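Student: just need the structure, nothing else, for what follows:
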Amino acid sequence: MIREVLGVRVTANNNKIYVSGEDAAVLQATEILERLQSLVRRNGSVAPEEVRRLLLEVQAGPIQEDVPPIEVFGGRRVYPRTPGQARYVSAIQKHDIVFCIGPAGTGKTYLAVAMAVAALREQRIRKVVLTRPAVEAGESLGYLPGDLQAKISPYLRPLMDALRDMVGYDVAARYAEEERIEVLPLAYMRGRTLNEAFMILDEAQNTTVAQMKMFLTRMGHQSKIVVSGDTTQIDLPPHTKSGLVDAWTRLRHIPGIAQVELTRADIVRHPLVQAIVDAYEGRSPRRGRNSEAGPEHRGAECSEISEPTSEQVPDA
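Tutor: Have a look, this model is predicted:
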């Protein structure tokens, strides 16, 4: 995995691991292997997912924002994994309204829900409201079968998944019954003013300008709003301007409103997600660079570290 992603050559000899390739890639690979060694000493083994996580962290570079972990529920902590995610969390901490745009897999929704749950746990707010446009890709709720809950469930499931992942099914159900957490379509926000609430608008690229204005003006005293979306995945009818695109420009100079743009470097899902995003954005996929790729890769700086046992560390 390390060889493929960073394009380095990794060999083992006499209980040592040797890494060769381009200087920057060698340094990144060495850092990852050293951190894997520490994990092996502490935990006894390392899962492949941990290798992927370290690859993402090292490639993204050091997190410059001093952002503490997000305490969500039952002692669980959520950490921003990239510099962009750290800026996002910091912006939510410091501003009452935050707009965030970025591709799939960058943690826009998950981190916002984590911040909302933490605020609720610490009693800084009384209610969390999670919403998203209920009409996407040309579908209308009125023509879908079932009662209201059955109709809206597919649209709101990503928000519920993030919520349940943090607090568990039982706590999520209890909070919903107590109306401390509401998950509802955007249309049901009309006419309300929410005080002491943490409001999250997901998939905001599929709002109209009027819907975005309606949502933002629901904000009451001591409330916070996070608006997130991916402006490359707009499902609105032709010639309909996205409320997120409009608000990004219209509101950018208002004090108290922050804007954070996440990029492909902030993708923290399966490594293939980043390759897919690159493909759809017209970038050439990055191929592994080994000693056979060309003369420019031969004779590069070689770094060595002690070799962990093959049973402990997944295939690099």
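
Student: against Ala47, how distant is Ala119?
Tutor: Between Ala119 and Ala47 the computed distance is 31 Å (CB to CB, to the nearest Å). Backbone N, C-alpha and C define where each C-beta goes, glycine included.

Student: between these two, which one's more packed in?
Tutor: Ala119 (20 against 11; other CB atoms under 10 Å).

Student: checking my notes, that one in a strand, right?
Tutor: No. Per DSSP: H, G, I helix; E, B strand; the rest coil, Ala119 lies outside any strand segment and is helix.

Student: chain neighbours aside, what residue packs nearest to it?
Tutor: With CB to CB, 6 or more residues apart in numbering as the criterion, Ala119 has its nearest non-adjacent residue at 4.8 Å, and that residue is Ile125.

Student: pLDDT below threshold where in the stretch 1-150 of the chain?
Tutor: Scanning the stretch 1-150 of the chain for pLDDT under 70 picks out the ranges 42, 53, 56-66, 135-150.

Student: now the helices for it?
Tutor: Ranges of helices in the stretch 1-150 of the chain, per DSSP state H, counting those that start in this stretch, are 2-6, 23-43, 48-60, 83-94, 108-121, 148-167.

Student: and for the stretch 151-300 of the chain?
Tutor: Using DSSP H, counting those that start in this stretch, helices in the stretch 151-300 of the chain cover 169-177, 209-216, 243-250, 271-280.

Student: of the helices of the stretch 1-150 of the chain, which is nearest Val227?
Tutor: helix 108-121 (9.0 Å; CB to CB).

Student: orientation of that closest one relative to helix 169-177 in degrees?
Tutor: Orientation check (axes from the mean of the first three to the mean of the last three CA atoms, to 10 degrees): helix 108-121 against helix 169-177 gives 70 degrees.

Student: Phe215 and Thr207 touch, don't they?
Tutor: Yes. If you go by CB atoms under 8 Å, Phe215 and Thr207 touch, sitting 7.1 Å apart.

Student: break the chain into its domains for me.
Tutor: As given by automatic domain parsing, the domain ranges for the chain are 2-61+270-306, 82-266.

Student: excluding its backbone neighbours, what's nearest Met189?
Tutor: Arg218 (5.4 Å).

Student: who's Val226 bridged to?
Tutor: Judged by DSSP bridges, the bridge partners of Val226 are Val98, Ile200.

Student: still on that earlier bit, next, format the helices of the stretch 1-150 of the chain as CSV and append distance to Ile101.
Tutor: Formatted as CSV, the entries for those read as follows, by distance: least, CB to CB, whole Å:
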stretch, distance to Ile101
helix 2-6, 26
helix 23-43, 28
helix 48-60, 18
helix 83-94, 11
helix 108-121, 8
helix 148-167, 17
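
Student: more crowded one of Phe215 and Thr207?
Tutor: A direct count of neighbours by other CB under 10 Å for Phe215 and Thr207 places Thr207 higher, at 27 against 23.

Student: got the contact list for that one?
Tutor: When the contact criterion is CB atoms under 8 Å, 6 or more residues apart in numbering, the partners of Thr207 are 133, 186, 201, 215, 242-244.

Student: pick the most buried one from the helices of the stretch 1-150 of the chain.
Tutor: Most buried of these, by mean neighbour count (mean count of other CB atoms under 10 Å): helix 108-121, with a mean of 24.
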